[in-house]
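# kindly generate the corresponding structure for this input.
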Amino acid sequence: MTMTEPGEVTPRVDGGRALRMPDAPVRTPRRTGAGTVYRWELEKLTAQWRARIAVLACLLGPPVATLVLGTQQQTPSDTLFGRWVQVVGLAVPLLVLSFAAQYAIPLLTGLVAGDVFASEDHYGTWKTILTRGPGRSAIFWGKTLAAGTYTVVILALLAVSSTVSGLLIVGRQPVVGLDGTSIPAGRATVLVLLAWATALAPALGFTALGVLFSVLTRNGPAGIIGPVVVGGLMQVYGFVGSVTAVRMCLLTTPFDAWHGLLVGRPYYPPLVHGLIASAVYTVVCLTVAVTVLRRRDFDQG
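Numbering: from 1, shown residues only. Prediction:
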């Protein structure tokens, strides 16, 4: 029997004929996709103390605020539905929505979106994750989807917690709409949840803005604070600006689109304009961010 050289196929004799053994199949490494990166990022999020604190704040903040407002002699009457929070349960989630749109949502979304890429720069792990298989596009979309999922979760927690707190602590009273009409509690509950749903589009817009800051600055604190500063400047212009067309282009304006729902005859154009503006911000920010990430030279840092 003839010995074969390394790498050659050893023949097998069958009835005097030499049969060639089939070559062993060559296994190609499976490339990691955006779905795998997404699952990795969700696991990382559940372990982050900032994300955990944000979730707890969204769960416990509304009932604590409802109890505190119920003991005060003065109510925040300078805000929509603020003067009703002690006597109308569904006024509570509307007040929380107004407050969150001005201050909390840009900060809460930025806590994750603003650091989701910058954290890799901080720990110097870009080259490590790039050599594990996922391409830059997969990394970008996996991380971005994880940040978007976090935004959806915290917004849902705020909506449910504030609504349940108002109903249980204050009660199921009819709501006086913005045009003075009385809205039964059952229908008002649906409208309140729809009002919170309208905040999802601009909240995702701020998430995309945080992603952009995270990629451009490569700095976690800058990525977190950036959307807050931009949101604050937009809020200021929304209060003092006189050009309606400019206000309609601001990312903060869609947070007020729910006002058209709390009237006798719902008014939907602000909702449409808000969806369009939010979509434009989201698409532009993510397009710029993914382009910068694809072209970045990681060998240079």
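# and the helix or strand harbouring V230, how far out from the chain's middle?
Using DSSP states H and E, V230 sits within helix 220-240. With Cα atoms, centre = their mean, to the nearest Å as the basis, helix 220-240 stands 16 Å off its chain's centre.
# can you check the pLDDT for T66?
The model reports T66 with a pLDDT of 93.
# ok so, going back, in CSV, list the C-alpha atoms belonging to the helix or strand immediately after the helix holding V230 in the chain.
Downstream of helix 220-240, the first helix or strand assigned by DSSP H and E is helix 244-248. Listed next in CSV are the C-alpha coordinates belonging to helix 244-248 (Å, rounded to 0.1, in the frame of the first residue of the first chain):
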residue,chain,number,x,y,z
THR,A,244,-44.3,79.4,12.1
ALA,A,245,-42.6,77.6,9.3
VAL,A,246,-39.4,77.4,11.3
ARG,A,247,-41.2,76.1,14.4
MET,A,248,-42.8,73.4,12.3
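# what residues does helix 244-248 touch?
For helix 244-248, contacts defined as Cβ atoms under 8 Å, 6 or more residues apart in numbering pick out Y237, G238, G241, T253, H273, A277. Where C-beta positions appear, they are placed from N, C-alpha and C, glycine not excepted.
# what's whichever helix or strand comes after that helix packed up against?
Heading C-terminal from helix 244-248, the first helix or strand you meet, by DSSP H and E, is helix 269-295. Helix 269-295 sits against helix 136-165, helix 200-217, with contacts defined as 3 or more Cβ pairs under 8 Å, 6 or more residues apart in numbering; DSSP states H and E.
# of these, which approaches Q102 most closely?
Nearest of the helices and strands packed on helix 269-295 to Q102, taken as Cβ to Cβ: helix 200-217 at 11.8 Å.
# and that closest one, what's its mean pLDDT?
97.
# what is it packed up against?
Helix 200-217 packs on helix 105-113, helix 118-123, helix 136-165, helix 220-240, helix 269-295, going by 3+ Cβ pairs under 8 Å, 6+ apart.
# in that helix, what counts as buried?
In terms of neighbour count (16 or more other Cβ atoms under 10 Å), helix 200-217 has its buried residues at 200-217.
# how many neighbours does the closest residue to G274 other than its chain neighbours have?
Spatially, and ignoring its direct neighbours in sequence, G274 is nearest to P254 (2.8 Å; Cβ to Cβ, 6 or more residues apart in numbering). P254 has 26 neighbouring residues, counting by other Cβ atoms under 10 Å.
# wouldn't P254 be in contact with L275 here?
Yes: between P254 and L275 a contact is recorded at 7.2 Å, counting by Cβ atoms under 8 Å.
# which neighbours do the two share?
By Cβ under 8 Å, 6+ apart, the residues touching both P254 and L275 are A201.
# residues contacting C58?
By Cβ under 8 Å, 6+ apart, the contact set of C58 is L108, I154, L157, L158, S161.
# next one: it from H273, what distance?
Counting by Cβ to Cβ, to the nearest Å, the gap from C58 to H273 is 27 Å.
# check G166 too.
29 Å.
# more crowded one of these two?
G166 (27 against 15).
# wait, the more buried one sits on L97?
No: checked against Cβ under 8 Å, the pair G166 and L97 is beyond contact range at 11.3 Å.
# so G89 sits in a strand?
No: assigned with DSSP: H, G, I helix; E, B strand; the rest coil, G89 falls outside any strand and is coil.
# tell me how many other residues crowd it.
Count around G89 with other Cβ under 10 Å applied: 26.
# what does A65 give?
Count around A65 with other Cβ under 10 Å applied: 18.
# that one: which element?
Element membership for A65 (DSSP H and E) is helix 49-71.
# got the buried residues for that helix?
Buried residues in helix 49-71, counting neighbours by 16+ other Cβ under 10 Å, are found at A51, A54, V55, A57, C58, G61, P62, P63, A65, T66, L69.
# if I look at the third one, how far off is L95?
Spatial separation of V55 from L95 under the definition Cβ to Cβ is 21 Å.
# ok, the residue nearest to G274 - contacts?
Applying Cβ under 8 Å, 6+ apart, the residues near P254 are T198, A199, A201, P202, G205, P270, H273, G274, L275, A277, S278.
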